[in-house]
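J.: sequence and computational prediction follow.
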Amino acid sequence: MKMFLMVYDTDFDEDVIATLKACRVTGYTKWDRVLGRGKKSDPKLDDAVWPGFNRAIAVVVEDEVEDELFNEMEKLSKKPGGTGFKVFELPVLRVI
């Protein structure tokens, strides 16, 4: 099993949810207001100096879905005009 942690600009939200559905991912955890800064981006701190915020979703998928989901998210990250999209893939060793 793998966990994917996706942190993205709010503009990607509908596309991310649609992609999860298309890849048959039925469960996820979503954070609506994620603050921070990436290596290649301006801060998003939702204040007067650094307005805006990101969203994040974590999903755990079985091995059969892993490659399909990663490939679809990679395509989404290259969307024309799209910026602010990261996917982190992590091993899931145990689940309670």
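T.: Right, received. Where do you want to start? Numbering: from 1, shown residues only.
J.: quick one: residue 10 from residue 59, how far?
T.: Shown here: residue 10 relative to residue 59, a distance of 18 Å by Cβ to Cβ, to the nearest Å. Backbone N, C-alpha and C define where each C-beta goes, glycine included.
J.: ditto for residue 84
T.: On the measure of Cβ to Cβ, residue 84 and residue 59 end up 19 Å apart.
J.: residue 36 too?
T.: From residue 36 to residue 59 the distance is 20 Å (Cβ to Cβ).
J.: ditto for residue 6
T.: Residue 6 sits 8 Å away from residue 59 when distances are taken as Cβ to Cβ.
J.: more crowded one of those two?
T.: Remark: of residue 6 and residue 59, residue 6 carries more neighbours, 24 against 19, as counted by other Cβ atoms under 10 Å.
J.: now do the helices in this structure.
T.: When assigned using DSSP state H, the helices of the chain occupy the ranges 13-22, 63-77.
J.: contact partners of the longest one?
T.: So that's helix 63-77. With Cβ atoms under 8 Å, 6 or more residues apart in numbering as the contact definition, helix 63-77 has outside contacts at 1-2, 4, 6, 12, 15-16, 19-20, 22-25, 59, 61, 82, 85-87, 89.
J.: alright, I will stop here.
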